[in-house]
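# Sequence plus the predicted model coming up.
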Amino acid sequence: MKKKIKCYTYLRVSTEKQVDGYSIDAQRKNVQKLADLKDFEIVHEYVDAGFSGADVQNRPAFTQMMKDFENGKDDISYVLSFKLSRLGRNAIDTLESLRKMQEHGVNILTDDGAVDSSSAYGNFFILIMSGLAEMERENILAQTFAGRVEKARQGRYNGGQAPYGYKLVPSTDKNKKGILQINEEEAPLIRLIFDRYVNHEKGDTKVAEYLITHGYSKVLRGNGKLQYIDESFVGCVIRNEVYCGEIVYGML
């Protein structure tokens, strides 16, 4: 009996999964069909659920897979994936990962038939597709940020805990998360921070020292937790896009 070629499968969905529309289950079914078609034996499945393809360092399953290559584990010849973009959306990272795979005798094969790095044509196509995947990611990020800015200009909140100095007022529109309004009890501290930073000390550490010596040692956040005032707190206020007006909620 002919010995089957061993392979891994790599599946990923990111924070843009609603845009991509590729669930883990759907990817799994497709790569399984590919393995059956090629008569490959799937040795292990690596899954990064909810991880962006922006870089490889922050994806635990992908990192472990690369380590397994380097250690010669399982003696595999291929990695099967739904599309090249599942490996990553950064062209440089993706090409570097593929180079490391091939150094250990491992090639990538995608379910859509677009990529087979075991051929010269496949390697050329990978170069093109990696660039397109990175461009697509940049477009998604730009669209997401533009949407957040527009929501802010309309007085709509993008979610999360309200920044200190603001309060989140429930919206009458069920499709909106709420509206930020100035919290007049907290706003004086934010105004004082900007005044000291712009007109006096002009440094996070100096502003923090001033606040502490004048009785501002800690603040109570909206989640009920105390936060101590230090240069880190001051720095977050000074550079926060909400306070600085880059995203407009109403200036403090």
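Noted; the coordinates are in hand. Numbering: from 1, shown residues only.
# what's the neighbour count on residue 79?
The number of residues packed around residue 79, counting by other Cβ atoms under 10 Å, is 23. (C-beta placed from N, C-alpha, C; glycine too.)
# Could you list the residues in contact with the host helix or strand of it?
Taking DSSP states H and E as the definition, residue 79 sits inside strand 78-81. If you take Cβ atoms under 8 Å, 6 or more residues apart in numbering as the criterion, strand 78-81 is touched by 5-11, 27, 31, 34-35, 40, 42, 65, 87, 101, 106-111, 118.
# Recalculate using a threshold of 6 Å.
Outside strand 78-81, the residues within contact range by Cβ atoms under 6 Å, 6 or more residues apart in numbering are 7-10, 31, 34, 87, 107-110.
# Dump that strand to PDB, restricted to CA.
Provided in PDB are the C-alpha atoms of strand 78-81 (Å, rounded to 0.1, in the frame of the first residue of the first chain):
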ATOM      1  CA  TYR A  78       2.300  20.100   3.200                       C
ATOM      2  CA  VAL A  79       0.200  22.600   5.100                       C
ATOM      3  CA  LEU A  80      -3.400  22.800   3.800                       C
ATOM      4  CA  SER A  81      -5.300  26.100   4.200                       C
END
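# Return the list of strands paired to that strand, each annotated with direction.
For strand 78-81, the paired strands and their directions (DSSP bridges) are strand 5-13 (parallel), strand 107-110 (parallel).
# Can you tell me which of the ones you listed has the worst average pLDDT?
For these, the stretch scoring lowest in mean pLDDT is strand 107-110; its value is a mean of 86.
# Please export the C-alpha coordinates of it as PDB.
What follows is strand 107-110, C-alpha atoms only, in PDB (Å, rounded to 0.1, in the frame of the first residue of the first chain):
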ATOM      1  CA  ASN A 107       4.900  23.500   1.100                       C
ATOM      2  CA  ILE A 108       1.600  25.300   1.200                       C
ATOM      3  CA  LEU A 109      -1.500  24.100  -0.700                       C
ATOM      4  CA  THR A 110      -4.800  26.100  -0.700                       C
END
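# who's in contact with the closest residue in space to residue 204 that isn't next to it in sequence?
Of all residues beyond its chain neighbours, the one nearest residue 204 is residue 231 (4.1 Å), with distances taken as Cβ to Cβ, 6 or more residues apart in numbering. Remark: with contacts taken as Cβ under 6 Å, 6+ apart, residue 231 is in contact with 204-205, 208.
# rewinding a little: export the contacts of strand 78-81 as JSON lines, with columns for distance to residue 58 and neighbour count.
Supplementary listing: the contacts of strand 78-81 in JSON lines, determined by distance: Cβ to Cβ, whole Å; neighbours: other Cβ atoms under 10 Å:
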{"residue": "7", "distance to residue 58": "25", "neighbour count": "23"}
{"residue": "8", "distance to residue 58": "20", "neighbour count": "24"}
{"residue": "9", "distance to residue 58": "20", "neighbour count": "26"}
{"residue": "10", "distance to residue 58": "15", "neighbour count": "22"}
{"residue": "31", "distance to residue 58": "23", "neighbour count": "26"}
{"residue": "34", "distance to residue 58": "27", "neighbour count": "22"}
{"residue": "87", "distance to residue 58": "14", "neighbour count": "28"}
{"residue": "107", "distance to residue 58": "25", "neighbour count": "19"}
{"residue": "108", "distance to residue 58": "20", "neighbour count": "24"}
{"residue": "109", "distance to residue 58": "25", "neighbour count": "22"}
{"residue": "110", "distance to residue 58": "22", "neighbour count": "25"}
